[in-house]
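Visitor: Provided below for reference: sequence and predicted model.
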Amino acid sequence: MTDPVDTEVVVVGAGPTGLVLAEELCLAQVPFVLVDRLAERSTLSKAGGIQPRTQEALDQRGLLEPLLAQDFARPVPAHFAGIRLDDPDERLAWRTAPQVEIEKLLEGHLATHGVRARRECELTALTQDDDAVTALCADGTTLRARWLVAADGGRSTVRSLLDEPFPGTPGTVTVVAADVRLSGEYQLVTHTRGDDGTWTEIFPLGTDRQGRPLHRLALGGPRSRPRDVPVTEEEIRDGLRAVYGTAVELLETSYAYRITDAARQAARYRHGRVFLAGDAAHVHLPLGAQGMNTGIQDAMNLGWKLGAAVHGWAGPGLLDTYHDERHPVGAAVLRNVAAQSLLMDWAGTGAPGVTAARDLVVELAALPEVRRRLTETLSGRTVRYPMPGAGEHPLVGRPAPDVDLGPARLHELLRAGRGVLVDPRGHYGEQERRWSGRIQRAGRGADTDALLVRPDGYVCWAGAPSTLDVALGRWFGEPR
């Protein structure tokens, strides 16, 4: 006889990744517990922007409009290594969105469902058997669940308890990241260098509590200091003078810390009944808010699959597709961040080869097709998941377009947390009946191809009637 479980899923970490996973589990009607070691939400924003693909995902859950209504969610140009990439998509432009504000928005939405993080709950031990995971907290509390998800950051306690290696490269230089108020003349989202190799990038962060403009300042170059050395305002002022002379003045620093160029990724995202997500699975330089956005997409990918497992209709291997799909995405992010770090010359060496490479990329980025490719890579829109047996349709494996299906847009239909079978010719009523409760059918008469869209918004079948039942079985289990 096995010990009973307290809940179906334990989510460790109440940052953006853990909170979005909690949203997904709520939608799937899965009992869960959200725990965090901190006594209260951090006021530090490690990330400051939100990408178009993440905005699409939030739209599919009805969370985009509340975000866009916030004063801080202002459009900004995307950038690759500080090279501006203007995006013609105005509605889903890159936007400023400090991590602390994203967390506040998600916490408020979860609270309307009666969900709050269990705080000051730090894990000290973790075991698992064939049926469940048992976690011991520092306060003596024991939690037993069928599944556990580690969303507890780059220094993940869960990953350490699993004794999981975190291979990659250690940090070699540090950069100051600070939330500041500035005066003077400066360009936003631009890599600006001084004569001695010191460089800055400045991003808008909305306003502070008094309504005054707030900015995220990245400051690097040959002045790199050890990570544990506190950042002083004089150090920031010295860096600004090295780049701008007397043209820019520091008025106030909200907080400042040092980041490194360490890049690491867990070899496996699944360990039996334990999954790694967000920074617990991958860490890199915080360029373009790709860490927060990648973590949110991890949660969107995993959440509905856990729901399928809990409700008993997950097909063989469905949970394994989390690693299969998200690990390559994380690896690709680490690669593009490494390229950006090189082009930005983080150490401020002024090496002629680096300068020449950057000048060439600046020229290439002026070409519309190159600019579009870089923008879509950074935003996550180039992601294409493997969909065995689903055919060669160009949409298969990619995020679904927000097509008009008559009474509603596709993104609106996805807010129910079920798959959507887009059936413009009305041919697939039998499939809707056989997989009822897991998919909904819509779009009769719509000007689009027939599509099967997963709850996370990715197309898993298109067009070929002979393979539809196979795709339904793979992603939505055996028919009723």
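Guide: Ah, there it is.

Visitor: looks like residue 202 contacts residue 186 (just checking).
Guide: Yes - taking CB atoms under 8 Å as the definition, residue 202 is a contact partner of residue 186 at 5.7 Å. The C-beta positions use only the backbone N, C-alpha and C, and glycine is treated the same way.

Visitor: so those two - more neighbours on which side?
Guide: Using other CB atoms under 10 Å, the more surrounded residue of residue 202 and residue 186 is residue 202, with 20 against 17.

Visitor: now the more buried one: which helix or strand?
Guide: strand 199-207 (DSSP states H and E).

Visitor: can you confirm residue 236 is in a helix?
Guide: Yes - assessed with DSSP: H, G, I helix; E, B strand; the rest coil, residue 236 lies in a helix.

Visitor: any idea how far the closest residue to residue 169 other than its chain neighbours is from residue 16?
Guide: Nearest in space to residue 169, with sequence neighbours left out and distances taken as CB to CB, 6 or more residues apart in numbering, is residue 263 at 5.2 Å. From residue 263 over to residue 16 the distance is 20 Å, taken as CB to CB, to the nearest Å.

Visitor: neighbour-wise, which of these two wins?
Guide: Using other CB under 10 Å as the criterion, residue 263 and residue 16 rank with residue 16 on top: 29 against 20.

Visitor: surely the more buried one is in contact with residue 295?
Guide: Yes - contact criterion CB under 8 Å: residue 16 and residue 295 qualify, at 6.0 Å.

Visitor: what sits in contact with each of these two?
Guide: The contact sets of residue 16 and residue 295 overlap at residue 278 (CB atoms under 8 Å, 6 or more residues apart in numbering).

Visitor: residue 423: neighbour count?
Guide: 23.

Visitor: still on that earlier bit, show the contacting residues for the residue nearest to residue 169.
Guide: Taking CB under 8 Å, 6+ apart as the criterion, residue 263 is in contact with 168, 169, 283, 284, 285, 334, 337, 338.

Visitor: ok, and the most crowded of those residues?
Guide: Ranked by the number of neighbours (other CB under 10 Å), the contacts of residue 263 place residue 284 first, at 26 neighbours.

Visitor: so it touches residue 334, yeah?
Guide: Yes - Residue 284 lies in contact with residue 334 (CB under 8 Å); the separation is 5.1 Å.

Visitor: just checking the distance from the helix ranked longest in the chain to the centre of its chain.
Guide: In the chain, ranked by residue count with DSSP state H as the criterion, the top helix is helix 320-344. Once both centres are worked out by CA atoms, centre = their mean, to the nearest Å, helix 320-344 turns out to sit 12 Å from its chain's centre.

Visitor: and the next element down the chain from that helix?
Guide: The first helix or strand that comes after helix 320-344 along the chain, using DSSP H and E, is helix 352-365.

Visitor: after that following helix, which helix or strand is next? Please name it.
Guide: The element immediately downstream of helix 352-365 (helix or strand, assigned by DSSP H and E) is helix 368-379.

Visitor: so what touches that following helix?
Guide: Counting by CB under 8 Å, 6+ apart, the neighbours of helix 368-379 from elsewhere in the structure are 51-53, 78, 80, 85-87, 94, 288, 290, 332, 336, 364-365, 382.

Visitor: can you give me the neighbour number for residue 296?
Guide: Counted by other CB under 10 Å, the residues lying close to residue 296 total 30.

Visitor: packing partners of the helix or strand harbouring it?
Guide: The secondary structure element spanning residue 296 is helix 290-310 (assigned by DSSP H and E). Using 3 or more CB pairs under 8 Å, 6 or more residues apart in numbering; DSSP states H and E, the elements in contact with helix 290-310 are strand 7-12, helix 16-27, helix 52-59, strand 142-150, strand 282-283, helix 320-344.

Visitor: out of these, flag the one nearest residue 424.
Guide: Evaluated over the helices and strands packed on helix 290-310, closeness to residue 424 peaks at helix 52-59, with 21.6 Å, by CB to CB.

Visitor: now find how far off-centre that closest one is within its chain.
Guide: Centre-to-centre, helix 52-59 and its host chain are 10 Å apart (CA atoms, centre = their mean).

Visitor: could you list every helix and strand in contact with the next helix or strand after it?
Guide: Sequence-wise, the next helix or strand beyond helix 52-59 is helix 64-68, with elements assigned using DSSP H and E. With contacts defined as 3+ CB pairs under 8 Å, 6+ apart, helix 64-68 has these neighbours: helix 52-59, helix 99-111.

Visitor: and the longest one with strand 199-207, angle?
Guide: Read it as helix 99-111. Calculated by axes from the mean of the first three to the mean of the last three CA atoms, to 10 degrees, helix 99-111 forms an angle of 40 degrees with strand 199-207.

Visitor: now helix 99-111 against helix 16-27, angle please.
Guide: Orientation check (the same axes, to 10 degrees): helix 99-111 against helix 16-27 gives 20 degrees.

Visitor: helix 99-111 packs against which elements?
Guide: helix 16-27, helix 64-68.

Visitor: what angle do the longest helix of the chain and helix 368-379 make?
Guide: 120 degrees.

Visitor: could you measure from residue 340 over to residue 404?
Guide: Using CB to CB, we find residue 340 at a distance of 37 Å from residue 404.

Visitor: again, but for residue 38
Guide: In this view, residue 38 and residue 404 are 43 Å apart by CB to CB.

Visitor: now for residue 74: which residues touch it?
Guide: For residue 74, the contacting residues are 95, 96, 204, 206, taking CB under 8 Å, 6+ apart as the criterion.
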